[in-house]
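**Q** generate coordinates for the sequence data below:
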Amino acid sequence: MKLNLVLIPVNSPEKGVDDVRAKLGSEFPAFFENLSRTSHSMAGDESKGSLAIELAKKQSGAMKELTGESRAKAEKNLINMAAMLQKEPLRQGEALDLIQDCLGHKLTAIKKAVRIARAKVLDEMSQKTFSGNSRTGQPRVGVPSGKSPIPKLPDVIRLPNEPFTKFADTAKDLFPTMVSHGNYYRQGPCVCIVQNLNSTYELHPIEPDEFRSLAEKLGPKLVRENWGPTGGTQQLPANMKNDEAKVLLKAPEKEMLSNVRGLVSFPVLTVKDNKAHPHLEGYDTHSEILVKPRQDLPTLPSVADAVNTLNELFKDFSFQAPSDKSRAVAMFLTMALTTGRVMQTEVPMFFIEADKSQAGKGYLVDILAAIFNLEISYVPKHEGRGVGGQDESFYTALGRGNPLVMFDNWRGKLDSAALESFMTARSGMVPIRLPYQEPRGVDPRYYTLALTSNGCELTPDQANRTIFIRLRKQPDGYPFQEYSEGSLLEHVRANSKKYLAAIYAIASEWINAGCPTTTVSYNSYTIWARNLDWIVQNIFKLPPVLEKMEEEKKRVSSPAMTFLRQLAIAVAARNILKLPLKAGQLAEIAFDAGLAIPGLRMVGDDEAATKAIGMTMARAFGDDASITADVYKVSRFERSVERKDGKGGSFKSKVYVFELGSAAGPSPANPAPEPGTPLPSTLVSSSSDEIESTD
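**A** Down below sits the predicted model:
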């Protein structure tokens, strides 16, 4: 029998036939006749997936015109349809293309929404699986909030044994039981357990051998079905084998476990019904964050009080420019906005740089960690990329689960393939590989990366993915604020919830205002920049967050300019600013300060060092007579010098003058040094100073 399906368009005035008839009145017959002409003819042998796709395609034109709530409902229905087609990958691929065509979303976002919808379907399945079983007395270790607890568990978990029990049967017994305990989760493809180590919670990946013993502690006995003595089947106690554990840890049913982006011990700010909402305990389905143990949060202060409270944190830091404070504020707010997925976008790395040691680079990050009750995951500098190398150190830091990762006191070139991969794949899960562990997937949008240095060289790509916060060391004798608890850091640790509430008050004000933005652009981080730029300008009344960024990017991605800044700091430390210095003298200063001169292979060779300084200066200056390196200006002058070897004639020699700030460079008040100006007596000239080719 031939069957035609009549479809009411999704953009029709009402949903059902009767409602449409009542709405259209006398126009309904013509409306229905048109529907009949465009009805879908069924052959009778279509699969459910194929039929669903064909019917959705007929509605594609109408769906493109939807807006508001109707569009949102259509999105949800299409996503759920794609999720239900998991076992028909070709049909699911058609569904993804249809969603992208009709609704215009990025394919990565669509796939992520489908995965979330699929997890919800599996969760509902797991809750129904054992609704008729009698076992109810199993203890639960904190069922995650947002998940309905499974009321009953299976009497036994049947281990694989052909032809009685397949691996899929075991997985259907096993994973719903794990869900009921509330301590088992997924992190990407990896099954994990929450561990409490000395009151510190961490997400621990489960290895096969460990899984065998954990399965025995779930409650239901492990049994293996076999033929009984009378010809029927019987269930005998059994142990899980290592190979079985490996297969079960990779079973599709593990998707019943909630995916965890991170485990934290601070209240997470999330969004519910377009309003800011702090999540205080357990698993949050929106952010996929697990909060352990239960947290509390004081009443959020007014926006004005919150701004004053946060400004207290920064008053003893000497920022090179007001925009550097803008970026410091942005770093603190970024942690609040990304952890709970309030802001789902790529986030740059924060590069905190100072003119001298002990200026407060690491201290600033310590304060951020104290507010959010975090341990910092440090990435120490190592040579190489293999076992024990810096890539492995970076993966280890990510694997700890702390959302704050810091490259501390980094010197030289930052060369990490793992970091490059992480920064360029921030819209999806990034695999991390650690020795003797299964690969895990981490969400890069969960992490805030910080780097502290007094002179680190970045590649141009890394510089384009970085935000710079520049600090100056306070002068000796500066009166730092004192607190009853001791230092600022000790005060923040004792009052962390007060400062967290202030941050959340600012973030909530922005969220509840509809997340307004400015119109700036910043490479792959434009959304982040526009969001934070609006907050720092309109709430904190600070300069734009990207002010003075371009010149910093150029400097840190140039080896010559990175060295020149370090050299200027060394010159200032010797108190010889505004004095003309030759290349040989600069080489001596660099040696004394422990600076690596670019291009110099043989340390201790004065002649080679002088030439290397000259070539580095030539690359830094180009055709310019003066350049700026951070807070310093360096001017280059040329003068004629008589030979001392008696061979007659003279040669051209270049000298360099380092100065601070706006006073640098030739001017009526600060003229160029005359050829006869004596060189500093604090330096001993060497014969290499008179080499003609100093540049």
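**Q** drop to CA atoms for contacts and neighbour counts, all remaining ones
**A** Fine.
**Q** I'd guess residue 341 is in a helix, am I close?
**A** No. Checked against DSSP: H, G, I helix; E, B strand; the rest coil, residue 341 lies outside a helix; its state is coil.
**Q** so it sits against residue 270, correct?
**A** Yes. Counting by Cα atoms under 8 Å, residue 341 does reach residue 270; the two are 6.5 Å apart.
**Q** more crowded one of those two?
**A** residue 270 (25 against 19; other Cα atoms under 10 Å).
**Q** so that one touches residue 287, yeah?
**A** Yes. Using Cα under 8 Å, residue 270 is in contact with residue 287, at 6.9 Å.
**Q** which neighbours do the two have in common?
**A** By Cα atoms under 8 Å, 6 or more residues apart in numbering, residue 270 and residue 287 have these common neighbours: 340-341.
**Q** what about the residue lying closest to residue 408 once chain neighbours are set aside, neighbour count?
**A** Spatial nearest neighbour of residue 408, excluding adjacent residues (Cα to Cα, 6 or more residues apart in numbering): residue 452 at 5.2 Å. The number of residues packed near residue 452 is 23, by other Cα under 10 Å.
**Q** can I assume residue 452 sits in a strand?
**A** Yes. The assignment for residue 452 (three-state DSSP) places it in a strand.
**Q** quick one, helices of the stretch 101-250 of the chain?
**A** Assigned by DSSP state H, counting those that start in this stretch, the helices in the stretch 101-250 of the chain fall at 107-129, 167-181, 208-216, 242-248.
**Q** quote the end-to-end distance of stretch 98-115.
**A** Stretch 98-115 has its terminal residues 17 Å apart, counting by Cα to Cα, to the nearest Å.
**Q** check which residues of it are buried.
**A** By 16 or more other Cα atoms under 10 Å, the buried positions in stretch 98-115 come out as 98-99, 101-103, 110-111, 113-115.
**Q** from those, which has minimum pLDDT?
**A** Here the lowest pLDDT out of the buried residues of stretch 98-115 sits on residue 103, with 76.
**Q** dump the residue contacts of it.
**A** Residue 103 makes contact with 63-64, 75, according to Cα under 8 Å, 6+ apart.
**Q** mind doing that once more with 10 Å?
**A** 60, 63-66, 71-72, 74-75, 110 (Cα atoms under 10 Å, 6 or more residues apart in numbering).
**Q** which of those residues count as buried?
**A** Buried, going by 16+ other Cα under 10 Å: 60, 63-64, 66, 71, 74-75, 110, out of the contacts of residue 103.
**Q** overlap in contacts, residue 341 and residue 270.
**A** Counting by Cα under 10 Å, 6+ apart, the shared contacts of residue 341 and residue 270 are 286-287, 289.
**Q** among these, which lie within helices?
**A** Using DSSP state H, no member of those falls in helices.
**Q** among those residues, who's most crowded?
**A** residue 289 (25 neighbours).
**Q** going along the chain, name the strands of the stretch 451-600 of the chain.
**A** In the stretch 451-600 of the chain, the strands defined using DSSP state E, counting those that start in this stretch lie at 455-457, 466-472, 580-581.
**Q** for the second one, what is the distance to the chain centroid?
**A** Distance of strand 466-472 from its chain centroid, counting by Cα atoms, centre = their mean, to the nearest Å, is 18 Å.
**Q** can you check the first one too?
**A** Computed by Cα atoms, centre = their mean, the chain-centroid distance of strand 455-457 equals 22 Å.
**Q** what is that strand packed up against?
**A** strand 349-354, strand 411-413, helix 549-556, helix 559-573 (3 or more Cα pairs under 10 Å, 6 or more residues apart in numbering; DSSP states H and E).
**Q** circling back to that earlier point, and among the helices of the stretch 101-250 of the chain, the most buried is which?
**A** Of all the helices of the stretch 101-250 of the chain, helix 167-181 has the most neighbours on average by mean count of other Cα atoms under 10 Å, namely a mean of 22.
**Q** list the buried residues in stretch 604-623.
**A** Buried, per 16+ other Cα under 10 Å, within stretch 604-623: 606-618, 620-621.
**Q** who does the residue nearest to residue 566 when sequence neighbours are not counted bridge with?
**A** Spatial nearest neighbour of residue 566, excluding adjacent residues (Cα to Cα, 6+ apart): residue 455 at 6.4 Å. Beta-bridge partners for residue 455, by DSSP bridges, are residue 411.
**Q** residue 455 contacts residue 557, doesn't it?
**A** No. The criterion here is Cα atoms under 10 Å, and residue 455 misses it with residue 557 at 11.0 Å.
**Q** more neighbours: which of those two?
**A** Remark: of residue 455 and residue 557, residue 455 carries more neighbours, 24 against 20, as counted by other Cα under 10 Å.
**Q** gap between that one and residue 352?
**A** Counting by Cα to Cα, the gap from residue 455 to residue 352 is 10 Å.
**Q** so what sits against both of those two?
**A** What both residue 455 and residue 352 touch, as defined by Cα under 10 Å, 6+ apart, is the set residue 409.
**Q** which residues of the stretch 1-150 of the chain score low on pLDDT?
**A** Where the stretch 1-150 of the chain drops to pLDDT under 70, the residues are 1-20, 22-24, 28, 31-32, 34-48, 87, 119, 121-150.
**Q** no no, the stretch 301-450 of the chain
**A** 382-388, 426-428, 436.
**Q** how about the strands of it, start to end?
**A** 318-319, 349-354, 377-378, 404-407, 411-413, 430-432, 440-442, 448-453.
**Q** compare those strands and give me the one nearest residue 474.
**A** Closest to residue 474 of those, according to Cα to Cα: strand 318-319, at 6.3 Å.
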